[in-house]
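> Dropping a prediction and its sequence here:
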Amino acid sequence: MSIYNTAVNKPISTLMVFVAIMVLGVASYIQLPVDQYPKMDPPYLTVMATYPGANASDIEENVTKILEDQLNSVDNLKELTSTSYDNLAVVSLEFEWEANLDEASNDVRDAVDKAMQNLPDDIDRPTIMRFNTSMMPILIYAITADQSYPGIDKILDDKLITRLNRVDGVASVIISGAPERVVYVDLDPNKLDAYNLTLEQIGNKILAENKDISSGSVKMGQMDYTLRVEGEFEESDQIKNLVLGTQNNKTIYMHDVAVVRDTIKDITLEQTINRGNGGVLLITKQTDAILMTAAEVWFLRAEAALRGFTSENVKDCYEKGITVSCQQWGVNVGDYLTSDATPSDYVDAFEAKYDVKALIKVTPKWDGGASPEEQLERILTQKWIACYPEGYEAWTEQRRTGYPQLFKVFVNNSGGAIDTNIRIRRLPYPSDIQKNNPTQYSALKKALGGEDNGGTRLWWDTGRNF
């Protein structure tokens, strides 16, 4: 009862304790990073073993049970479940939450190595999979086409996926459900018997012919040139004319014993989009990629309050944005919030003609008596710094508001398409769209409302803030 007596007899001390807890809670909330998909490693591992040609019963008896016997001895294992399919065994392991998954992965790998000596000789080596939230897609696009649907996989791969993979923070771009090109070789068993050929001979022949082979090097003067024989098939018709052998002085070709079909892979799971054929584009982020910083949220709240969208205090949100940004990068905010300093003039290290006077006149210190335009400039200037390394986000904000004020280019090579005073406003559409799909390009250009160049403003780039 002493704790209750102390709380009643010393109300001021009790109140101070609760105030301290509230302050710590608020401070922790402010510093809490914001991420739509935060990094998390659930304590699960999966072992997958492929045994081609085996049915589910054989998989259970010859693969699954052997793996279970070895994996049951792994430390911190909470639950083990397994499923046997035709050609495939899947063993799922759930560990205690406090378990170290790196160590658990090593233990599972050792257990699989021990089980290998008892598994069938022709089984593929089991694969260990570890799931984490970074594997979840952050963007999912539904994609369809009419006339070009059979080739949508190649179109996306050539025109879109390569460019998306170059975007900062993107880990992978995956196509799911889109048609895939495949070449089938349908063999006629009766003709194989007639020509005394086997399935293995056909497979080995295709494998041997479809290869690029290094053939040494040639020295010419002081240079060495590597020689390479290109043997990979470029067209499916080349497979039809493969020579398989001779019989009774007659050459046997592939088309004598098989039908070669260059077509779309057989669909096992059909996917439709708006009642039409289509595919799905899945984009995943890098594990440590930053989607949105906590500081950016505070500056957004500051701008929303400035525009009258919320009743929050603009100054408080602004200063919290700066403070959280400094904390994110391990910088002491010090007296920055009360600083009256402005950026220095730019002095070129090589030619004085490139020297530029500083354009930004606002200081980090908040000025409650300034105009809304000047206050917005303060918010966006500090947000530009806090957005690092999100270059696209920073450029978007600068185009939307005009802040921070940036130096103009000395040499404008746009031929008048881009105004030097307002700088580049957008990236033109890829030239492939205009060449390969003029109808779509015309519709995009019409929606743009101007020329397809870097000088045309987008619909949200109005050039005014209030």
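Received, thanks. Numbers count the residues shown, from 1 in each chain.
> From the opening residue of stretch 426-443 to its closing one, how far?
For stretch 426-443, the first-to-last residue distance is 17 Å (CA to CA, to the nearest Å).
> Can you give me the neighbour number for Ala104?
21 (other CB atoms under 10 Å). In this view, the C-beta of every residue, glycine as well, is placed from N, C-alpha and C.
> scratch that, Asp153 is what I was asking about
Using other CB under 10 Å, Asp153 has 19 neighbouring residues.
> quick one: it and Thr439, what's the gap?
22 Å (CB to CB, to the nearest Å).
> Put the alpha carbons of stretch 70-89 into CSV.
The C-alpha trace of stretch 70-89 is given here as CSV (Å, rounded to 0.1, in the frame of the first residue of the first chain):
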residue,chain,number,x,y,z
GLN,A,70,16.5,-33.0,-39.6
LEU,A,71,14.7,-29.7,-39.3
ASN,A,72,12.9,-30.6,-36.0
SER,A,73,16.3,-30.3,-34.2
VAL,A,74,16.7,-26.6,-35.1
ASP,A,75,16.9,-24.3,-32.0
ASN,A,76,14.1,-21.9,-31.1
LEU,A,77,11.7,-23.7,-33.5
LYS,A,78,8.1,-23.1,-32.4
GLU,A,79,6.1,-24.9,-35.1
LEU,A,80,6.9,-26.9,-38.2
THR,A,81,4.4,-27.7,-41.0
SER,A,82,4.8,-29.3,-44.3
THR,A,83,2.9,-29.8,-47.5
SER,A,84,3.7,-32.3,-50.3
TYR,A,85,2.7,-31.6,-53.9
ASP,A,86,3.5,-33.3,-57.2
ASN,A,87,7.2,-32.5,-57.9
LEU,A,88,7.5,-30.3,-54.8
ALA,A,89,7.9,-30.4,-51.0
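> what comes up buried for it?
Of the residues in stretch 70-89, Gln70, Leu71, Val74, Asn76, Leu77, Ser82, Ser84, Asn87, Leu88, Ala89 count as buried by neighbour count, 16 or more other CB atoms under 10 Å.
> and the two most separated of those?
Maximum pairwise distance among the buried residues of stretch 70-89 (CB to CB): 30.9 Å, between Asn76 and Asn87.
> In CSV: the buried residues of stretch 70-89, plus pLDDT and distance to Glu230.
Below are the buried residues of stretch 70-89 laid out as CSV (pLDDT from 0 to 100; distance: CB to CB, whole Å):
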residue, pLDDT, distance to Glu230
Gln70, 90, 46
Leu71, 91, 46
Val74, 89, 48
Asn76, 89, 53
Leu77, 90, 51
Ser82, 93, 46
Ser84, 92, 43
Asn87, 89, 34
Leu88, 91, 36
Ala89, 92, 40
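> elements contacting the helix or strand hosting Ile143?
Per DSSP states H and E, Ile143 falls inside strand 139-144. Packed against strand 139-144 by the contact rule (3 or more CB pairs under 8 Å, 6 or more residues apart in numbering; DSSP states H and E) you find helix 152-156, strand 272-273, strand 276-285.
> So which bits of it are buried?
Ile143.
> Parallel or antiparallel, list what pairs with that strand.
According to DSSP bridges, strand 139-144 forms sheet pairs with strand 276-285 (antiparallel).
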